[in-house]
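>>> Below: sequence and its predicted model.
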Amino acid sequence: MVRVRASQVEIEAAVQALRDGELVAFPTETVYGLGANAQDPAAVRRIFEVKGRPSNHPVIVHLDSPRFLHRWVREVPQAAMSLAERFWPGPLTMVMPRAPNVHGVVTGGQDTVAIRVPSHPMAQQLLTAFGGGIAAPSANRYGRLSPTRAEHVREELGEQVKVILDGGECQIGLESTIIAFQGQRVRLLRPGAITAAQIRQVIGELLIGADLESPRVPGGAAAHYAPTTPMIIVPSGEIDARAETVSGGGRRVAVLAQRLPLRAHKYVTWINAGRRPEQYGHDLYTNLRTLDKAGCQRILVQDVPDGESWTAIRDRLLRAAASVSAADDSGTMAVLP
C-alpha cells in the first residue's frame, strides 16, 4: 500500500534523528534514500560506513525547493534554472560547482555537488520539517539492488538506520536521471525516468555519457545495482533455449522475461515482467530481489528492446550483469552474444 504522507510523530522522530547525527531512510519517487544531515560530516560518513560505499563516491543532496540552491551551489547555470523550472520537484539530479561550505565527504572530494528536489510528498514533508539539505544515496549495501519498499531497507540495513519512514512502493522504481554542467556543455551521466529527449526540449544540445572531464556521480561504476546471484543477459529470442541449457542436470535457474515461457521448465523460476517499460522499471528491483531469493545458481534476463523508454532499464541491467565474473560455467560472457 502506498502512503503519501507520514504522521507528525513520525516526521518529528526523523527530524530529531537527523539533528542528532543519525541516519533516516525515506521514500522518494525513485527509490528509498539513506539520509543524513548534509551539513554534518560525521553523519554523512556514517552513510558510507553502513553502505560499504567508497569514500570518493559522491552522494546527492536533497532539498525541498530550488530556492535553497545558493546554499549549496557556487554558481547556477541558466540551463539549470530552466531545467529546475521544468522538472523539479522530480527525478532529475543536477551536478554543479559546490559552494565553499559544502564538505568534501558529500562531494567525494570533488569541486561539484549533486542536487535533487524530490517530488514524493513524504520526502517533501521530511525536508521541509528538517529545514536543510539531506545527503542521501539509495538505502542499500553499495553495489546491490536499490530498495523500492521500506521492507527492503529493513532487510538489508536493519537497526543501523534510526528511523525508516514507510511510504509503500516507490512510484518510479529506478534512480534519478543525472546531468552535469561542464562549462557551456550539459552532459547526461546516468539515464533515468527523465529522458534525453525531454531534457533537449528544454536546453537544446545534450551530450551523452561521461568523458575524461566528467565528475564522478552515483551509479557511475561499471558494476552496480546487482543481485547476489550471478546474472546474465540473454538475447530476446533465446531465453527459453538458454533456460533449458543452463538448468540441465538439475541446476536451478531464475528467469526475468517479458513474456511467459513457451513451455514449463522443471528447474526454472520464471517471472514475466511484461512489455511496458514504465511497469518493467517500476518492478525491476523487486523482481530481481524475488529471483535472488529463489535459491537459483543463475539469473537469466531477457534482453530488453531498443528505444529511449528502455534506456535507463538497460543501463541498470548491464551494470548488474557486469557484477558477475567475466565468464559463466560454460565460458560464455556475462552479456551473451
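Perfect, I can see it now.

>>> Residue 89 touches residue 127, doesn't it?
No. With contact defined as Cβ atoms under 8 Å, residue 89 does not count as touching residue 127 (9.7 Å). No exception for glycine: its C-beta is placed from N, CA and C like everyone else's.

>>> Determine the residues that are contacts of both of the two.
Common neighbours of residue 89 and residue 127, counting by Cβ atoms under 8 Å, 6 or more residues apart in numbering, are residue 118.

>>> centre of the chain versus the helix or strand encompassing residue 114, how much separation?
Residue 114 belongs to strand 112-116 when assigned by DSSP states H and E. Here the centre of strand 112-116 is set off from its chain's centre by 15 Å, with Cα atoms, centre = their mean, to the nearest Å.

>>> So which elements touch it?
Judged by 3 or more Cβ pairs under 8 Å, 6 or more residues apart in numbering; DSSP states H and E, the packing partners of strand 112-116 are strand 60-62, strand 92-97, helix 104-107.

>>> would you list the ones you listed in CSV and tack on mean neighbour count?
CSV is the format used below for the helices and strands packed on strand 112-116 (neighbours: other Cβ atoms under 10 Å):
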stretch, mean neighbour count
strand 60-62, 27
strand 92-97, 24
helix 104-107, 20
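
>>> Name the stretch from these that approaches residue 46 most closely.
Closest to residue 46 of those, according to Cβ to Cβ: helix 104-107, at 10.2 Å.

>>> Restricting to C-alpha, output that closest one in CSV.
What follows is helix 104-107, C-alpha atoms only, in CSV (Å, rounded to 0.1, in the frame of the first residue of the first chain):
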residue,chain,number,x,y,z
GLY,A,104,34.2,17.1,0.7
VAL,A,105,32.7,14.0,2.2
VAL,A,106,29.4,14.9,0.4
THR,A,107,31.1,15.5,-2.9
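
>>> Which strands or helices does it pack on?
helix 41-51, strand 112-116.

>>> 10 Å instead, please
helix 41-51, strand 60-62, strand 112-116, strand 134-135 (3 or more Cβ pairs under 10 Å, 6 or more residues apart in numbering; DSSP states H and E).
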